[in-house]
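Q: with the sequence up front, the predicted model follows.
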Amino acid sequence: MKGCGDYNSYTNYKRLCILDHVFFILVPKGIQGTLHFRFTFCLFSASQYNRYKSTFYLIFEFCEHDLAGLLSNAYVKFNLGEIKKVMQQLLNGLYYLHSNKILHRDIKAANILITKLGVLKLADFGLARALDHLHKYTNRVVTLWYRPPELLLGERNYGPVIDIWGCGCIMAEMWTRTPIMQGKTEQHQLQLISQLCGSIKPEVWPNCTKLELYNQLQIPDGHKRKVKERLKPYVKDQYALDLLDKMLALDPAKRVDTDTALSHDFFWEDPAPQDLARMLSQHSTSMFEYLAPPRRQQHGAGGAGRPVPQQQRPGASMDQHFERVF
């Protein structure tokens, strides 16, 4: 059962609690390092009823929202301190994963769960793998809009910085309220990345020509790097723009890691990271990606035109969800 779960799974979980089922084990709350964890282990032994295949479920605490759902709702407004808190928690979670040699490989807003108390939790580890430099991975990972350029060019020997690219996309999304590079194909995604981050060439990314797909795809040429310029109409904080620029570095070797990102001035200059509980307490319903109504395509910061700040968008009624595409 995923952290946000579905209603039937949650109902069955409550029933098992009440019945004190023999195969239902509650793991007490513990502490490992600085992380708290609590989950339930539910085991069904092999028998004729399940074709002699045992099954077990890990049932985690319910999280009321995911970040994609929150960003899709026009009523939800994050101030700068709250954005810092979201990004700080996200980077702390990734720091823990990377320190334990785990790659998430699917960082996106929909996979970031947030409780009503404002605690952020990384979810969906279906693509996660242990970091192993002795074997090559597949490059067919990470949702397209959050996929870093090295994967699009066929890199199979990658590391933790592939997750950092997704963090950069999410951080920009905290202001734009919509994914900043909404490619329809891998070729289109490369085009959008080049329009925002500059053309991919050896001068800015040594050895990029050695990547498997570099000569098989059309690499857009003649684009200057415009991360700060394109996002400035949204992001007014200079420290935020600088951190975004470092997270969205084309060359993986130049992209910041989680430790460096957490030490960035963005988190240490006023306003300080602000707890999310107060803001979330104003919203009584859960907000998830799948609850957001389907909307038409929007050009993000990596699109063809100059981004339109949120307040200038026509038809952005406060009782409507912001434009998103999934």
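A: Thanks, I have it.
Q: got the buried residues for stretch 227-234?
A: 227, 230, 231, 233, 234 (16 or more other C-beta atoms under 10 Å). C-beta here means a position set from N, CA and C on the backbone, and glycine is covered the same way.
Q: out of these, which comes closest to residue 128?
A: Distance ranking of the buried residues of stretch 227-234 against residue 128, using C-beta to C-beta, places residue 227 first at 27.8 Å.
Q: the residue nearest to that closest one when sequence neighbours are not counted and residue 60, how far apart?
A: With sequence-adjacent residues excluded and distances taken as C-beta to C-beta, 6 or more residues apart in numbering, residue 227 is closest to residue 245, at 4.8 Å. Residue 245 sits 35 Å away from residue 60, going by C-beta to C-beta, to the nearest Å.
Q: name the residues that touch the helix or strand harbouring residue 82?
A: Counting by DSSP states H and E, the element that carries residue 82 is helix 80-99. Residues outside helix 80-99 that contact it (C-beta atoms under 8 Å, 6 or more residues apart in numbering): 33, 35, 67, 78, 103-104, 107, 112, 114, 118-122, 128, 131, 160, 163-164, 167, 170-171, 174-175, 237, 240, 257-259, 261-262, 266-267, 271-276, 279.
Q: circling back: for the host helix or strand of the residue nearest to residue 227, buried residues please.
A: Taking DSSP H and E as the definition, residue 245 sits inside helix 238-247. For helix 238-247, a neighbour-count test (16+ other C-beta under 10 Å) marks 239, 240, 241, 243, 244, 245, 246, 247 as buried.
Q: wait, residue 168 sits on residue 247?
A: Yes. Using C-beta atoms under 8 Å, residue 168 and residue 247 qualify as a contacting pair, with a distance of 3.0 Å.
Q: which one of the buried residues of helix 238-247 is nearest residue 180?
A: residue 244 (9.7 Å).
Q: what sits against the closest one?
A: Residue 244 sits next to 168, 171, 172, 227, 228, 231, 235 when contact means C-beta under 8 Å, 6+ apart.
Q: same list, those residues, but as CSV with secondary structure please.
A: Shown next, in CSV, are those (DSSP: H, G, I helix; E, B strand; the rest coil):
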residue, secondary structure
168, helix
171, helix
172, helix
227, helix
228, helix
231, helix
235, coil
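Q: nearest to residue 184, of these?
A: residue 172 (19.4 Å).
Q: relative to residue 85, how far out is the closest one?
A: 17 Å.
Q: which one of the two has more residues nearby?
A: For residue 172 versus residue 85, the count of surrounding residues by other C-beta atoms under 10 Å is larger for residue 172: 28 against 21.
Q: pLDDT score for the more buried one?
A: Residue 172 carries a pLDDT value of 98.
Q: swap in residue 133?
A: Note on residue 133: pLDDT of 81.
Q: can you check the one 10 residues further on too?
A: According to the predicted model, the pLDDT of residue 143 comes to 95.
Q: how near is it to residue 189?
A: 10 Å.
Q: higher neighbour count, these two?
A: residue 189 (21 against 18).
Q: list the contacts for that one?
A: By C-beta under 8 Å, 6+ apart, the residues touching residue 189 are 144, 145, 147, 152, 181, 183.
Q: which one of the residues you listed is nearest residue 210?
A: Residue 210 lies nearest to residue 152 out of the contacts of residue 189, by C-beta to C-beta, at 14.8 Å.
Q: that closest one contacts residue 190, doesn't it?
A: Yes. Assessed by C-beta under 8 Å, residue 152 is found in contact with residue 190 at 5.4 Å.
Q: residues that sit against both of these two, list them.
A: Joint contacts of residue 152 and residue 190 (C-beta under 8 Å, 6+ apart) are residue 217.
Q: now do the contacts for the spatially most central residue of the chain.
A: For the chain, the residue sitting closest to the mean C-alpha position, by C-alpha atoms, centre = their mean, is residue 108 at 2.6 Å. Taking C-beta under 8 Å, 6+ apart, we find residue 108 in contact with 68, 142, 143, 145, 146, 166, 169, 170.
Q: excluding sequence neighbours, find me the nearest residue to the fifth one.
A: Closest residue to residue 146 apart from its sequence neighbours, by C-beta to C-beta, 6+ apart: residue 166 at 4.2 Å.
Q: hang on, the one you found in a strand?
A: No. Under three-state DSSP, residue 166 sits outside any strand and is assigned helix.
Q: returning to what we had before: what is the nearest of the contacts of residue 244 to residue 196?
A: Nearest member of the contacts of residue 244 to residue 196, counting by C-beta to C-beta, is residue 227, at 6.0 Å.
Q: tell me the contacts of that closest one?
A: Applying C-beta under 8 Å, 6+ apart to residue 227 gives the contacts 196, 197, 241, 244, 245, 248.
Q: same thing with residue 243?
A: Taking C-beta under 8 Å, 6+ apart as the test, what residue 243 contacts is 171, 256, 261, 264, 266.
Q: pretty sure the second one is touching residue 242, no?
A: No. Using C-beta under 8 Å as the test, residue 256 is too far from residue 242 to be in contact (10.3 Å).
Q: shared neighbours, those two?
A: With C-beta under 8 Å, 6+ apart as the test, residue 256 and residue 242 both reach residue 264.
Q: kind regards, and thank you for your time.
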